[in-house]
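Asker: could you work out the structure for the sequence below:
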Amino acid sequence: QEQNLAYQYLNQGDWQKALPFFERFHEQFPQKEKHFKAYIRCLKELNQSLQALDVAKKQERGFPKTAMYKAYYYVLLLTEGDQRKAEKVWESWLKDLPPFVQAAEDWGNAFVLLGYNQKAIEIYTVHRKKFGDDVLLHYKLAEAYASEGNYSGVAEELIDVLDKSPAAFGQVQAALNNLLTEEGQDPVNMAIKGALLRKIQSPGDHRNAQELLLWVYRQEADFAAAFIQARALDARYREQGARLMDLGRAAALVQEFSMANKCFNYVVDLGPGNAFYYEARAEKVRNLEAQLSWEGKLNGNELLALADAYRSLLKDLGGAPQSLPLQIRYAKLQAFYLNNAEKAKETLDSLVQNGRGSAQDLAQAKLNLADVQLLLGDLWEPSLLYGQIEKAYPNLLEAQEAKFRNARLAYFRGEFPWALTQVKVLK
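Answerer: Take a look at the predicted model:
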């Protein structure tokens, strides 16, 4: 009951009434840290700093292993203006710093809580110098540097974690992600990239730092810089263009068509013997089609060039399994842009009848075939195809799309009740 009343006075800022309680609590239970903190606060608020300093000094000597008391004693010495004494005490503590990393963490945390980040940095640095490196200290230093706004220090400590623990890549990446902004010229981003570049340029094989730098560029959507970094990694580790394929697809998704094409061209230039050669050519065609569609240029000479690219690639693939998605896309282009719906119907019908390919490809072929038949004026066969897709591929998105198109077709045929029923199911 007394403690509740004492803390009520403390929370209300009634220091005069709270002081006698906490003075007695501290005498009765000197090991209780919360009573000590409350007692010191009351003394400071009542301008009894000398008494507070005396209490902290006795507490630090009575419990020399408790970091919090050292922090309070040091700060109160500074408060009283005894800089010389404070630094003398500080140096003696550092000299006797325990070899256990947990002790360094406890000491650092105590000073951080009182707003003395620089002292925490000094503790961690001295401990590392005296007793050797430890992953925990890198993280603690990174936290302290972040509080000081020293993002170069943050990045350097996090990057150095990977030298000791490569498996921590995801953890380091997540920590850096919390700091990064979308602006490449932001001081934080520049500090992180600078630290990564310094690491990469230092002696040794710092692959994780190279990977992180590429990831940073991608986070910033700086595809030009990402291309240079990805190309360097690809060449150094003989990856046959795999990461360039991934980067190209990412660029295409955000309409960076020129950079996407540059990535795919890099892989194509590696030659037909490369594992990703035909895949890269296929991505080039898809990228060109996406670009022309985005820019509203699926017509004229651009359209004819796209058709030529499709035909050339399909000829070289010679009916290989990986040509199926390209055949489906090219058939759609023939029907809706090249005024050759009959040829498109023939191609798609052949693919469907053949039945070879992934479930998704076959479902898409049927969807496109139904659309082409509608274009040719058939209002009934498409409905059968849509129904087949729903039944054969219930777990694919194409099945939902088929249900929607079937409902839409029923509406235009005047079958309003059935169309409404289907739409409600889709909801």
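Asker: quick check: chain neighbours aside, which residue is closest to the spatially most central residue of the chain?
Answerer: By CA atoms, centre = their mean, the chain has its centre lying nearest to residue 177, at 5.7 Å. Counting by CB to CB, 6 or more residues apart in numbering, residue 219 is the residue found nearest to residue 177 once chain neighbours are left out, at 7.3 Å. In this view, the C-beta of every residue, glycine as well, is placed from N, C-alpha and C.
Asker: with just CA atoms, put the one helix or strand residue 225 maps to into CSV.
Answerer: Here residue 225, judged by DSSP states H and E, is contained in helix 223-237. Taking Å, rounded to 0.1, in the frame of the first residue of the first chain, the C-alpha atoms of helix 223-237 are listed here in CSV:
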residue,chain,number,x,y,z
PHE,A,223,18.5,-0.2,-62.6
ALA,A,224,21.5,1.3,-64.3
ALA,A,225,23.7,0.9,-61.3
ALA,A,226,22.1,-2.5,-60.5
PHE,A,227,23.0,-3.7,-64.1
ILE,A,228,26.7,-2.8,-63.6
GLN,A,229,26.8,-4.6,-60.3
ALA,A,230,24.9,-7.7,-61.5
ARG,A,231,27.1,-8.0,-64.6
ALA,A,232,30.2,-7.9,-62.4
LEU,A,233,28.8,-10.6,-60.1
ASP,A,234,27.7,-12.7,-63.0
ALA,A,235,31.1,-12.5,-64.7
ARG,A,236,33.1,-13.1,-61.4
TYR,A,237,31.0,-16.1,-60.3
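Asker: who does it touch, helix- and strand-wise?
Answerer: Contact partners of helix 223-237 among helices and strands, from 3 or more CB pairs under 8 Å, 6 or more residues apart in numbering; DSSP states H and E: helix 207-219, helix 242-253, helix 257-268.
Asker: list the buried residues for the first one?
Answerer: Yep, that's helix 207-219 we're talking about. 208-219 (16 or more other CB atoms under 10 Å).
Asker: what comes up buried for stretch 313-324?
Answerer: By neighbour count with 16+ other CB under 10 Å, stretch 313-324 contains the buried residues 313-314, 317, 323-324.
Asker: how about the helices in the stretch 301-427 of the chain?
Answerer: 324-336, 341-354, 359-375, 381-392, 397-412, 416-426 (DSSP state H, counting those that start in this stretch).
Asker: rounded mean pLDDT for the shortest one, please.
Answerer: With pLDDT averaged residue by residue, helix 416-426 scores 68.
Asker: close enough to count as contact, residue 259 and residue 223?
Answerer: Yes. Using CB atoms under 8 Å, residue 259 is in contact with residue 223, at 4.0 Å.
Asker: hey, what's in contact with both of the two?
Answerer: Common contacts of residue 259 and residue 223 (CB atoms under 8 Å, 6 or more residues apart in numbering): residue 251.
Asker: run a quick neighbour tally on the nearest residue to residue 40 once chain neighbours are set aside.
Answerer: Take residue 40 and drop its neighbours on the chain: the residue closest to it by CB to CB, 6+ apart is residue 52, 5.1 Å away. A count of nearby residues for residue 52, using other CB atoms under 10 Å, gives 23.
Asker: how close does residue 52 sit to residue 86?
Answerer: To residue 86, residue 52 is 14 Å away according to CB to CB, to the nearest Å.
Asker: how about residue 346?
Answerer: Applying CB to CB, the value for residue 346 to residue 86 is 90 Å.
Asker: and the residue nearest to residue 177, how far is that from residue 200?
Answerer: Residue 219 is 17 Å from residue 200, where distance means CB to CB.
Asker: so which elements touch whichever strand or helix holds residue 284?
Answerer: Element membership for residue 284, per DSSP H and E: helix 277-294. The contact analysis (3+ CB pairs under 8 Å, 6+ apart) places helix 277-294 against helix 242-253, helix 257-268, helix 300-317, helix 324-336.
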